[in-house]
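Peer 1: What would the 3D arrangement of this be:
(2 chains)
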Amino acid sequence: MQPHQLKIYNSLTREKEHFTSLVPGHVGLYVCGPTVSGESHLGHARPYITFDVVLRYLQHLGYKVRYVRNITDAGHFEEEGREAEDKVSQKALLEKLEPMEMVHKYTSLFHKGMQMFNNLEPHIEPTATGHIVEQINMIETLIERGYAYPVNGSVYFDVAKYAAAYPYGTLSGRVLEDQLETTRELDGQDEKRNKADFALWKNAPPEHIMRWKSPWGEGFPGWHIECSAMSRKYLGEVFDIHGGGMDLQFPHHESEIAQSTIAHGHAPVRYWIHNNMITINGKKMGKSYNNVIKLSELFTGNHPLLQQAYHPMVVRFYILQTHYRSTLDFSNEALQASERALKRLWEAYILLKKLPAPHGEANTAVNEALNLQIRNICLELTDFMNDDFNTAKVLANLFELCPIINSINGGQIDPNALTPATYSLLQESMPVFIEDILGLQPMQAANNGKLEDVLKLLIEIRADAKKRKDFATSDTIRQRLEASGIFLKDAKDGSVSWSVE
RNA sequence: GGUCGGAUGGCCGAGUGGCUAGGCUCAGCUCUGCAAAAGCUGCUACAGCGGUUCGAAUCCGCUUUCGACCUCCA
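Peer 2: You can find the predicted model right below:
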């Protein structure tokens, strides 16, 4: 555990606060996971990449983190796009829609997506269906304490009573009176004492497939209780960080606070972190807007809005180039710019690893200003991460290192202009920030040795041709390889490097 | 309607009361058989109108405008 100056913007206080963990050296991190009734889309990529970097940075600081991210696999949901046909025939629904099958399918797809983004796995990934007992227990406690009431086999949380005794709406800036005036027609509205009350348990109608026995009859848990029950179980009554999308602030997170406060006697979370939305044409990407681009579509380019396929690392980079609390607008131009930028960063990074070390003897080649500049750029990386995970600034600084690295490689800067200390700092900083903290990976898979052998042969043949000034042959080799996505680059010293698209 | 948050150069996007990120694009140059890559140079913006200040894109007010949440939503 190294001393640090990490500041986190806490949605609860709306201020950047210096981060300290409840238990020294340990951090409890809970992030709202996906509802697996449909395929994950680009919008989902944002929180999981954001909090992956949070996790990575906390670990980098030396914390032992327990990262819990749930899978919402219970509740009243139907498979995307199925609703229409299911309505036609209830029988079709029973035959086609086995809940576990659907949940399994989309959970697997989600995991695959997370893996492609190089997100670290959560330490615990609890499912709602696996914690029915815990949820029922918690609801019973809430009833015992007089803050929840059963009606017709459902149970609701009494928000008005809660608000009378505890601060309600702090997280989302909500005023209870406003909530009470809601005119919207909601399911079960007539059962509630107040419109602001929310369901803890819902009675299952006969046709509802997902159902569990409870003290109130057969039903299923409401949509806020799982996070409270599961975070309590794995992180304790009070834990350090709870994360999720901004759209969850209300009512989901506000309800979590209310439930847990009654059940445990105190607020559950010390730091709330919320990421902003990904927009498309200025509008939030979401099911209700019908403007989602699924991850599989993004990776294959198979979507009317996509001009091409985008590599998962390009998407990751694109997301990290913006601060997590800003909206991020999708466009092909932006993704394509990210693709080129990432490629440039990565090529410089590869070069860095091969960069000759300065010999370190006292010499006149040392460039003091350059050394100072590199030191500053590298040391600032930590400052930027400490400033509420400002990955945008981290990337900006990493890009400032690129021309320096390329210039040393290209001979414009003498390798001995760097002191050994600066050289080491550079060699240590870039991998730590690029790979360990930002979690970026090479876009091309590791080449197997056979391709390398073949290319070596072609490059030799081409070198011979060039020596004979047989440019027709040398250009043909280069062009044919290019057509296959292999690019040859002639360096000044006659060496040839290559890259695969 | 209520609450909250934005409006930055050709595009995407950081950001602090004064020293004006970064990426992409574009133009020129260097290198080069050519190409690609790379390097160098150039392109100086902060919605509008007031105000505070020696000084504001950054603070305050108003206007215009976009969005998020208030309903499942990352």
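Peer 1: Mind checking if stretch A:474-485 is in reach of RNA strand B?
Peer 2: Yes. Stretch A:474-485 lies within reach of RNA strand B by C-beta under 7 Å from any atom of the strand, at A:Ser474, A:Asp475, A:Arg478. Every residue, glycine included, has its C-beta placed from N, CA and C.
Peer 1: got the CA positions of that stretch in CSV?
Peer 2: Written as CSV, here are the backbone C-alpha positions of stretch A:474-485 (Å, rounded to 0.1, in the frame of the first residue of the first chain):
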residue,chain,number,x,y,z
SER,A,474,10.1,-5.2,-55.0
ASP,A,475,6.9,-3.1,-55.4
THR,A,476,4.9,-6.2,-56.4
ILE,A,477,5.9,-8.0,-53.3
ARG,A,478,4.9,-5.0,-51.1
GLN,A,479,1.7,-4.5,-52.9
ARG,A,480,0.6,-8.1,-52.9
LEU,A,481,1.3,-8.3,-49.1
GLU,A,482,-0.6,-5.1,-48.6
ALA,A,483,-3.6,-6.6,-50.3
SER,A,484,-3.5,-9.3,-47.7
GLY,A,485,-3.3,-6.7,-44.9
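Peer 1: Could you list the buried residues of it?
Peer 2: Buried residues in stretch A:474-485, counted by 16 or more other C-beta atoms under 10 Å: A:Ser474, A:Ile477, A:Arg478, A:Leu481.
Peer 1: Please apply the same query to stretch A:486-494.
Peer 2: Residues A:Ile486, A:Leu488 are the ones in stretch A:486-494 that count as buried (16+ other C-beta under 10 Å).
Peer 1: what's next to that stretch, contact-wise?
Peer 2: With contact meaning C-beta atoms under 8 Å, 6 or more residues apart in numbering, stretch A:486-494 is reached by A:410-411, A:455, A:459, A:462-463, A:477-478, A:481-482, A:496-501.
Peer 1: touching RNA strand B at all, it?
Peer 2: Yes. Judged by C-beta under 7 Å from any atom of the strand, stretch A:486-494 and RNA strand B are in contact via A:Phe487, A:Leu488, A:Lys489, A:Asp490, A:Ala491, A:Lys492.
Peer 1: tell me which element the closest residue to A:Asp73 other than its chain neighbours falls in.
Peer 2: Distance criterion C-beta to C-beta, 6 or more residues apart in numbering; nearest residue to A:Asp73, sequence neighbours excluded, is A:Val103 at 4.3 Å. Assigned by DSSP states H and E, A:Val103 falls within helix A:99-116.
Peer 1: As PDB, could you dump the C-alpha coordinates of that helix?
Peer 2: Extracted in PDB, the C-alpha atoms of helix A:99-116 (Å, rounded to 0.1, in the frame of the first residue of the first chain):
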ATOM      1  CA  PRO A  99     -35.700 -18.300 -18.600                       C
ATOM      2  CA  MET A 100     -32.500 -20.100 -17.600                       C
ATOM      3  CA  GLU A 101     -31.700 -20.700 -21.300                       C
ATOM      4  CA  MET A 102     -32.100 -17.000 -22.100                       C
ATOM      5  CA  VAL A 103     -30.200 -15.900 -19.100                       C
ATOM      6  CA  HIS A 104     -27.400 -18.300 -19.800                       C
ATOM      7  CA  LYS A 105     -27.200 -17.200 -23.400                       C
ATOM      8  CA  TYR A 106     -26.900 -13.500 -22.600                       C
ATOM      9  CA  THR A 107     -24.600 -14.000 -19.600                       C
ATOM     10  CA  SER A 108     -22.200 -15.900 -21.800                       C
ATOM     11  CA  LEU A 109     -22.300 -13.200 -24.500                       C
ATOM     12  CA  PHE A 110     -21.700 -10.500 -21.800                       C
ATOM     13  CA  HIS A 111     -18.700 -12.400 -20.500                       C
ATOM     14  CA  LYS A 112     -17.300 -12.800 -24.000                       C
ATOM     15  CA  GLY A 113     -17.700  -9.000 -24.500                       C
ATOM     16  CA  MET A 114     -16.000  -8.200 -21.200                       C
ATOM     17  CA  GLN A 115     -13.100 -10.500 -22.100                       C
ATOM     18  CA  MET A 116     -12.700  -8.800 -25.500                       C
END
